[in-house]
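1. Here is the input, now give the coordinates:
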Amino acid sequence: MPKVLVVEDESKIARFLELELTHEGYQVKAVGDGRSGLAQAAEWKPDVMILDLMLPGLSGIEVCRRLRQSEKELRLPILMLTAKDDISDKVMGLDMGADDYMTKPFAIEELLARMRVMLARSARGRTPPDETLSAGTLTLTPRSHEASLNGTLLSLTKKEYDLLLCLMRHAQEALTRDFLLENVWGYSYDGDNNVVDVYVRYLRNKIETIKGERYIHTIRGVGYMFRFEQE
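-> Just a heads-up that it's a prediction; the model follows:
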């Protein structure tokens with residue numbers, strides 16, 4: 001049972017998260033200030049931390065910074081929350097080592113999806129950069145920057161290739177559009193996130209050409225998942 005440490009000074013939000021996460025099968029502990037968050041991270045050793053930006057005692061930014069400085073081997077996944085919808089806060093949080101970022105108010109379904117992504121990534125580690133990825137008749141080889149379907153090389157643009165690589169490296173995970181934007185287009189991208197839907201459509205047209213083979217699935221209210229299915 002994964003352990004989730006919630007560091008949030010707004011009692012209603014902390015209680016809401018505690019109830020929802022417990023219902024989803026997580027073991028949850030909630031504290032209301034930054035110093036307690038640091039102490040519980042060291043003592044309780046959670047699998048993921050949900051960290052508010054604005055906290056009494058120590059800010060979420062400072063908690064994140066100190067955690068990253070103290071870590072020697074295992075990196076604690078951190079999802080940062082804030083009431084501020086300011087790009088500078090987001091950049092600062094990510095620069096200090098946060099893995100993801102959500103602005104209040106948030107949809108619990110999206111928060112759960114992002115947590116699952118972080119936990120899965122933490123559990124298995126990142127795929128080695130040169131490891132060949134395959135599913136069904138689809139093969140992607142990072143070393144040569146090539147993808148093939150049923151033995152035939154695919155003609156993919158750089159962004160199509162990068163998106164496919166990201167999806168395949170996170171197979172079986174529900175990925176949000178924001179996650180794909182940040183990991184494929186970069187944090188500096190400020191265009192419409194509909195670009196993800198457009199490129200998913202491009203990819204589907206190129207890799208789902210063999211009858212009965214499906215690779216990219218839409219997860220309603222969340223985003224997309226790479227999972228090979230054969231009808």
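
2. Quick one: list the elements packing against the helix or strand of the chain with the lowest mean pLDDT.
-> Using mean pLDDT, DSSP states H and E, helix 87-95 stands out as the lowest-scoring helix or strand of the chain, at a mean of 73. Packed against helix 87-95 by the contact rule (3 or more C-beta pairs under 8 Å, 6 or more residues apart in numbering; DSSP states H and E) you find helix 60-70, strand 78-82, strand 100-103. Quick note: C-beta positions are derived from backbone N, CA and C, even for glycine.

3. buried sites along the helix or strand just after the last one?
-> The C-terminal neighbour of strand 100-103 among helices and strands, as given by DSSP states H and E, is helix 108-124. Of the residues in helix 108-124, those buried under the neighbour-count criterion (16 or more other C-beta atoms under 10 Å) are Glu110, Leu111, Leu112, Ala113, Arg114, Met115, Arg116, Val117, Met118, Leu119, Arg121, Ser122.

4. residues of stretch 140-148 that come out buried?
-> Of the residues in stretch 140-148, Leu140, Pro142, Ala147 count as buried by neighbour count, 16+ other C-beta under 10 Å.

5. Number of residues surrounding Thr139?
-> The local packing count at Thr139 equals 18, with neighbours defined by other C-beta atoms under 10 Å.

6. who's in contact with it?
-> When contacts are counted by C-beta atoms under 8 Å, 6 or more residues apart in numbering, Thr139 is found next to Thr132, Leu133, Ala147, Ser148, Leu149.

7. Bridge partners for it, pull those for me.
-> In this structure, Thr139 has the following beta-bridge partners (DSSP bridges): Ser134, Ser148.

8. Model confidence at it, what's the number?
-> If you check Thr139, the pLDDT there is 95.

9. what's the answer for Glu160, then?
-> As summarised for this prediction, Glu160 has a pLDDT of 92.

10. again with Ile108
-> Ile108 carries a pLDDT score of 93 in this model.

11. do the same with Met96
-> In this prediction, Met96 has a pLDDT value of 79.
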